[in-house]
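> The following block contains a protein sequence and its predicted model.
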Amino acid sequence: MSRIVIAAFYKFIPLADYAARRAPLAALAQKHGVFGTILLAAEGFNGTIAGPRGGIDAVLAHLKTFPGADDLQWKESFADKNPFYRMKVRLKKEIVTMGVAGIAPEKSHEHYVRPDDWNMLISDPETVLIDTRNDYEVSIGTFDGAINPNIKSFREFPAWFKNLRAQKPLSKVAMFCTGGIRCEKTVAFLRQQGVDEVYHLQGGILKYLEDVPENESLWRGECFVFDNRVSVGHDLEKGSYDMCHACRMPITQADKASPYYEAGVSCPACHAAHSDKKRRALQERQKQMRLAAARGQTHLGAPQGKHS
């Protein structure tokens, strides 16, 4: 049996007619049995998709016909079953939401650092290393010495950075995120704020874990991913974390042993936040998922991985 191909990609390009591109792209993915999510906006596109080799190749070839996307690059990994339940093509104001106008992320590639050069950069004591991801992502893995902004949403990053800069001199900054897309915007934002020497990891953490041997790695832990694999380690093999399908937080086997854990309903992180009404609704959804699985069907309300 052929393994499922998972492709993650993004491209910042002017895409004025992005809304008109939605239906043909969705139809092509459906025709080829490709699942996942693709976001379209005036600033470009962003997505993670999974399916058979031929289907993935067809969708990527179509995306490369978009104006300015002929050099599209993507990261691939593999799974024994599709980590997505359906295909979604969504229209957005931004392909990754930061909420800052007047920046130029399409120029951020001028500040890429290749994975094989990354260790040298972040080992420099003059480099301020910033993890641009949300707190739940950072909690399961990050680079040695990285600053954790402790943000719940990427929208919080600009205010957090302005506060950091007011407290600390920042002459040389290195930033990283899962696949690189958030850093395209943070680099553009920092340059807008007058920080000239700012770099980011080309291809993100995923490319680093794929390219850098584990015995040379400065990464500690696992990397959260936005699908039902939940986390990956070196060589992009599936990690040890599961997901609470009520709050979408990564959970460990110890979390599952907690009295606050109920599959599909709650975990130690969200147990106290649920009303009785919400808990009953989650329990009913979980029941319907079990019944569908017993019939050999996929329940359409099945939880999906986060996407960003």
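Arrived safely, thanks for sending.
> quick check: domain ranges of this protein?
Recorded structural domains for the chain (assignment: automatic domain parsing) are 4-91, 105-221, 241-308.
> any residues touching the helix or strand containing Ile130, and which ones?
In this structure, Ile130 sits in strand 128-131 according to DSSP states H and E. With contacts defined as C-beta atoms under 8 Å, 6 or more residues apart in numbering, strand 128-131 is touched by 122, 138, 142-143, 145-149, 161, 168, 170, 172-177, 186. In short, each C-beta sits where N, CA and C put it, glycine included.
> the strands in the stretch 151-300 of the chain, which residues?
173-176, 198-201, 219-221, 223-224, 231-232, 242-243, 250-251 (DSSP state E, counting those that start in this stretch).
> Any chance of TSV for those strands, columns distance to Arg285 and mean neighbour count?
Formatted as TSV, the strands of the stretch 151-300 of the chain follow (distance: least, C-beta to C-beta, whole Å; neighbours: other C-beta atoms under 10 Å):
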stretch	distance to Arg285	mean neighbour count
strand 173-176	35	24
strand 198-201	38	24
strand 219-221	31	16
strand 223-224	23	26
strand 231-232	24	22
strand 242-243	15	20
strand 250-251	18	22
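> Nearest to Ile103 among those strands would be which one?
Proximity to Ile103 (C-beta to C-beta) singles out strand 198-201 among the strands of the stretch 151-300 of the chain, at 12.5 Å.
> Give the rounded mean pLDDT of that closest one.
On average, the pLDDT along strand 198-201 is 95.
> Check stretch 140-147 too.
Mean pLDDT, stretch 140-147: 96.
> Please apply the same query to stretch 39-53.
Mean pLDDT, stretch 39-53: 95.
> Please compute how far that stretch lies from its chain's middle.
Relative to its chain's centre, stretch 39-53 lies at 12 Å (C-alpha atoms, centre = their mean, to the nearest Å).
> thinking again about what came up before, columns distance to Ser231 on top of the domains of the chain, output as TSV?
Converted to TSV, those look like this (distance: least, C-beta to C-beta, whole Å):
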stretch	distance to Ser231
domain 4-91	12
domain 105-221	6
domain 241-308	4
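> Which among those is found nearest to Val230?
Among the domains of the chain, domain 241-308 comes nearest to Val230, with 4.6 Å by C-beta to C-beta.
> Report the distance from the closest one to the chain centre.
That offset, for domain 241-308, works out to 21 Å (C-alpha atoms, centre = their mean).
> I'd like the average pLDDT over it.
The predicted model assigns domain 241-308 a mean pLDDT of 83.
> could you point out where the stretch 1-150 of the chain is predicted with low confidence?
The model of the stretch 1-150 of the chain has pLDDT under 70 over residues 1.
> Which stretches in it count as strands?
Using DSSP E, counting those that start in this stretch, strands in the stretch 1-150 of the chain cover 4-12, 35-41, 44-51, 74-79, 87-91, 112-113, 128-131, 141-143.
> Relative to the last one, what are the paired strands and their orientations?
Looking back up the chat, that one is strand 141-143. The pairing partners recorded for strand 141-143 under DSSP bridges are strand 219-221 (antiparallel).
> Give me the contacts around the partner strand.
Ile140, Gly141, Thr142, Phe143, Asp144, Ile205, Tyr208, Leu209, Val212, His234.
> I'd like the distance from Gly68 to Asp144, if you could.
Note on Gly68: its distance to Asp144, by C-beta to C-beta, to the nearest Å, is 37 Å.
> how far does the strand holding Ile130 sit from the chain's center?
On C-alpha atoms, centre = their mean, the centre of strand 128-131 falls 18 Å from the chain's centre.
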